[in-house]
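> quick one: sequence plus predicted model below, questions after.
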Amino acid sequence: MTKTLGELAKHINAELIGDANCEITGVATLQSACDGQLSFLANSTYRQYLADTKASAVIVSKSDADACPQAALIVNDPYYAYARVAALFAKVAAVVPGIHGTVVVGENCHIDPTARIDAYVVMGDRVSIGPRTHIYSGCAIGNDVQLGASCCVYSNVNIYDKTQIGDRVIIHSGVVIGSDGFGFANHEHRWHKVPQLGHVIVGDDVDIGANTTIDCGALDDTIIETGVKLDNQIQVGHNVRIGAHTVVAGCTGIAGSTKIGRGCIIGGAAMIAGHLELTDGVVLTGGAMITNSIRTPGIYSSGTSFMEHRAWQKNVARFRHLDELTRRVKALEEQEKNHE
């Protein structure tokens with residue numbers, strides 16, 4: 001595919017500096033781009049690469065345009081603009097309709113004639129598959145599952161009974177949706193399984209990364225709202241609700257019955273305890289451990305940053321005496337008051 005800079009500027013509503021007829025055949029990073037490719041600068045920290053890039057043009061913000069010797073597409077949000085341009089050049093093959101001969105289809109299923117079902121997919125009864133949805137090989141889909149339009153379900157995904165999935169949802173390999181939540185009752189020193197009777201509802205335009213697990217609700221449903229983006233290897237416990245357009249980075253654990261608001265950003269390996277509420281617009285930095293509800297939008301962190309090992313050992317030793325040191329400081333403050 002070839003696009004002119006003029007066409008791309010119109011597509012992303014950019015101010016163009018340079019030759020509108022310059023032909024662009026693809027996108028690349030500033031360091032690896034060559035003639036005929038378009039790059040972008042989303043972070044001014046890396047503006048020194050503008051001087052040496054071989055890209056024919058660069059998407060930049062107005063504040064970085066003066067440092068760009070190449071043709072420039074000037075926008076308010078270079079990364080978003082790049083995403084829109086990259087989508088033009090991404091080679092996404094159209095879904096070729098059809099059902100492979102090895103597919104097992106249960107009773108009373110509805111598969112849209114424009115959908116594609118690859119080899120060795122197994123479906124339960126009363127499954128509904130929407131238009132242009134592509135289910136890759138080896139997936140298992142339970143009874144009464146509903147999959148919307150233009151979904152992409154990669155190989156070896158397991159979707160349990162009565163899961164509802166909206167339109168344009170991408171589910172990567174190894175994902176499990178609707179497995180039992182971690183519910184056990186202790187009686188006389190033994191654990192007894194609590195039946196998990198809820199299901200999972202996934203909204204439109206959701207991405208679910210590889211090997212992520214979303215447990216079904218214990219009674220109410222587990223809900224992933226519209227536009228949520230889940231990275232790889234995330235655990236979503238039963239009855240969790242994740243608000244629209246929240247993003248969660250890899251290896252995060254969200255315990256049962258926690259409610260996360262809209263537009264939140266959860267850093268990698270964050271751990272969120274159960275039965276909490278995080279309001280809209282919360283940002284958790286990587287590795288944060290959240291044990292209380294967050295009522296005010298903002299950026300939250302926990303834990304200690306890395307340091308040289310010996311310094312860390314010394315600080316750990318001091319930390320163990322923190323309570324004793326606090327009592328000594330209070331005692332000294334009391335003595336000072338008595339001398340006044």
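Structure's in. What do you need?

> so Leu16 is in which element?
strand 15-17 (DSSP states H and E).

> list of residues touching that strand?
5-6, 9, 65, 68, 71-75 (CB atoms under 8 Å, 6 or more residues apart in numbering). Glycine gets a C-beta too; all of them are placed from N, C-alpha and C.

> kindly report the same for stretch 250-258.
With CB under 8 Å, 6+ apart, stretch 250-258 has contacts from 181-183, 209, 215, 218, 231-242, 248, 260, 266-278.

> can you turn the buried part of those residues into a ChimeraX selection?
Burial among the contacts of stretch 250-258 is assessed by 16 or more other CB atoms under 10 Å; the matching ChimeraX selection reads:
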select :181,183,209,215,218,231,232,233,234,235,236,237,238,239,240,241,242,248,260,266,267,268,269,270,271,272,276,278
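
> among the contacts of strand 15-17, which lie within strands?
Counted as lying in strands by DSSP state E, out of the contacts of strand 15-17, are 71-74.

> weed out the non-buried ones from the residues you listed.
Taking 16+ other CB under 10 Å as the criterion, what is buried in those is 71-74.

> quick check, nearest of the residues you listed to Tyr82?
Leu73 (9.5 Å; CB to CB).

> for the closest one, report the pLDDT, please.
The pLDDT attached to Leu73 in the predicted structure is 97.

> same question for Glu340.
For Glu340, pLDDT reads 68.

> next one: Glu336
At Glu336, pLDDT is 83.

> how about residues contacting the host helix or strand of it?
Assigned by DSSP H and E, Glu336 belongs to helix 322-339. For helix 322-339, contacts defined as CB under 8 Å, 6+ apart pick out Arg318.

> next one: stretch 282-297
249, 260-261, 264-273, 276-281, 298-303.

> that one: how far from the chain's middle?
17 Å (CA atoms, centre = their mean, to the nearest Å).

> just stretch 151-170 next, same as before
Centroid separation for stretch 151-170 versus its chain: 16 Å, with CA atoms, centre = their mean.

> let's see it as CSV, backbone CA atoms only.
Extracted in CSV, the C-alpha atoms of stretch 151-170 (Å, rounded to 0.1, in the frame of the first residue of the first chain):
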residue,chain,number,x,y,z
CYS,A,151,-14.5,-10.7,16.9
CYS,A,152,-11.2,-12.5,16.7
VAL,A,153,-10.7,-15.5,19.0
TYR,A,154,-7.2,-17.0,18.6
SER,A,155,-6.3,-20.7,19.0
ASN,A,156,-6.9,-22.6,22.2
VAL,A,157,-9.2,-20.2,24.0
ASN,A,158,-11.7,-21.6,26.4
ILE,A,159,-15.0,-19.8,26.9
TYR,A,160,-17.3,-21.3,29.5
ASP,A,161,-21.1,-21.5,29.5
LYS,A,162,-23.3,-18.5,29.2
THR,A,163,-20.5,-16.0,28.6
GLN,A,164,-21.6,-12.9,26.7
ILE,A,165,-19.0,-11.2,24.4
GLY,A,166,-19.7,-8.0,22.5
ASP,A,167,-18.5,-6.7,19.1
ARG,A,168,-14.9,-6.3,17.9
VAL,A,169,-13.4,-8.2,20.8
ILE,A,170,-9.9,-9.7,20.4
